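Chemist: coordinates only, no sequence provided:
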């Protein structure tokens, strides 16, 4: 197939394909007579892999290195399939949002002789903003690089600002709030090396987890081989709907923007069974005013390093999370656990 057909099939632009070709990530054959690029099914597979890796924050250089390893036979079919699965879930979730927008447009047009184009444009723009919000995430924390020493890092004592203060106590509070029962199915969203999920495994729960970092997942699998783990993002949980009795997450949402957090909450809702529970422990401020007051106190105390560190994160506005959870059909409550970590406990009505 030619580049236009390839672009339509993968729903990306020909320019993006040419970019990946220029970077040496894909090498289509060229027809002898016309000189046009000719893409094979293997090229489709490779481009889908590239798109998936870009979606989960991997740099072009890292992707090139990984593909070289796979080309030399250093990878596995399982690894390729996991990448494909992440890609398919991402496309599925995005398509479902497009369908929702289309249904809303039809509902507005149905039964009316005329419709204000601005009304439909508003819906289309909302869908466009949603896709942009999903695609704007960048791994600024280099999770693949810190995976090997992450467990030591989160538990060591630190002077001054420490977002992992009383780390074990926070994780234990999540377990207590989730109130797991043996035999239940739980999901750890952004599982990292599995420190939270491991506590639920010890309670007799069938735990699953996902993460955007391949290296974090490798550490998790090494520690908990009995746990189901998948490559995925907060914008497209790699699981089908109504799968879990509860979803938990710790120290993950603060890596998302405020708008991206709302998408993550919707995904939590999607994978929960009726009456399911959600527990989140993360960096938060009670509301916008609490955030301003905190930064004012830190400024007066000369804690400029702490201010810089907090600004590098994206602590949640707890009041906004609670409002969104209520809109999604949850009954939710919250409490503060440490100086910067709050715990939200919610249940579907």
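Modeler: Good, I have the coordinates. Being a predicted model, the structure only gives us computed values, none of them experimental. Residues are numbered from 1 along each chain as shown.

Chemist: all helices for the stretch 101-250 of the chain, in order.
Modeler: Using DSSP state H, counting those that start in this stretch, the helices assigned to the stretch 101-250 of the chain run over residues 117-135, 143-146, 150-155, 167-178, 195-201, 214-223.

Chemist: tell me where the stretch 201-349 of the chain has strands.
Modeler: 206-211, 228-231, 244-250, 272-285, 316-317, 330-336, 341-348 (DSSP state E, counting those that start in this stretch).

Chemist: tabulate those strands (a markdown table), appending mean pLDDT and mean neighbour count.
Modeler: (C-beta placed from N, C-alpha, C; glycine too.) Shown next, in a markdown table, are the strands of the stretch 201-349 of the chain (pLDDT from 0 to 100; neighbours: other CB atoms under 10 Å):
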| stretch | mean pLDDT | mean neighbour count |
| --- | --- | --- |
| strand 206-211 | 97 | 24 |
| strand 228-231 | 93 | 20 |
| strand 244-250 | 98 | 25 |
| strand 272-285 | 98 | 21 |
| strand 316-317 | 97 | 20 |
| strand 330-336 | 98 | 15 |
| strand 341-348 | 98 | 22 |
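
Chemist: export those to a markdown table and tack on distance to residue 90?
Modeler: Shown next, in a markdown table, are these (distance: least, CB to CB, whole Å):
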| stretch | distance to residue 90 |
| --- | --- |
| strand 206-211 | 12 |
| strand 228-231 | 11 |
| strand 244-250 | 18 |
| strand 272-285 | 20 |
| strand 316-317 | 23 |
| strand 330-336 | 25 |
| strand 341-348 | 24 |
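
Chemist: so which of those strands is nearest residue 96?
Modeler: With CB to CB as the criterion, residue 96 lies closest to strand 272-285 of the strands of the stretch 201-349 of the chain, at 16.0 Å.

Chemist: so what does the closest one touch, helix or strand wise?
Modeler: helix 167-178, strand 244-250, strand 316-317, helix 318-327, strand 330-336, strand 341-348 (3 or more CB pairs under 8 Å, 6 or more residues apart in numbering; DSSP states H and E).

Chemist: can you give me the strands for the stretch 1-150 of the chain?
Modeler: Using DSSP E, counting those that start in this stretch, strands in the stretch 1-150 of the chain cover 29-30, 37-38.

Chemist: return the most buried member of those strands.
Modeler: Stretch with highest mean neighbour count among the strands of the stretch 1-150 of the chain: strand 37-38 (a mean of 18; mean count of other CB atoms under 10 Å).

Chemist: what does that one rub up against?
Modeler: 1-3, 21, 28-31 (CB atoms under 8 Å, 6 or more residues apart in numbering).

Chemist: lowest average confidence across helices and strands of the chain, where is it?
Modeler: Between all helices and strands in the chain, the lowest mean by mean pLDDT, DSSP states H and E belongs to helix 117-135, at a mean of 62.

Chemist: so for residue 154, which of the strands of the stretch 201-349 of the chain sits nearest?
Modeler: Comparing the strands of the stretch 201-349 of the chain by their distance to residue 154 (CB to CB), the top pick is strand 244-250, with 9.9 Å.

Chemist: so what secondary structure elements neighbour the closest one?
Modeler: helix 167-178, strand 185-189, helix 195-201, helix 258-271, strand 272-285.

Chemist: make CSV out of those and add distance to residue 300.
Modeler: Shown next, in CSV, are the helices and strands packed on strand 244-250 (distance: least, CB to CB, whole Å):
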stretch, distance to residue 300
helix 167-178, 27
strand 185-189, 37
helix 195-201, 35
helix 258-271, 26
strand 272-285, 17
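
Chemist: quick check: the gap between the closest residue to residue 5 other than its chain neighbours and residue 221.
Modeler: In this structure, residue 5 finds its nearest non-sequential neighbour in residue 39, 7.6 Å apart by CB to CB, 6 or more residues apart in numbering. Distance from residue 39 to residue 221, counting by CB to CB, to the nearest Å: 34 Å.

Chemist: same question for residue 109.
Modeler: 50 Å.

Chemist: which of these two has more neighbours?
Modeler: Shown here are residue 109 and residue 221; by other CB atoms under 10 Å, residue 221 has more neighbours (16 against 13).

Chemist: what residues are up against that one?
Modeler: Contact analysis of residue 221 by CB under 8 Å, 6+ apart lists 227, 229.
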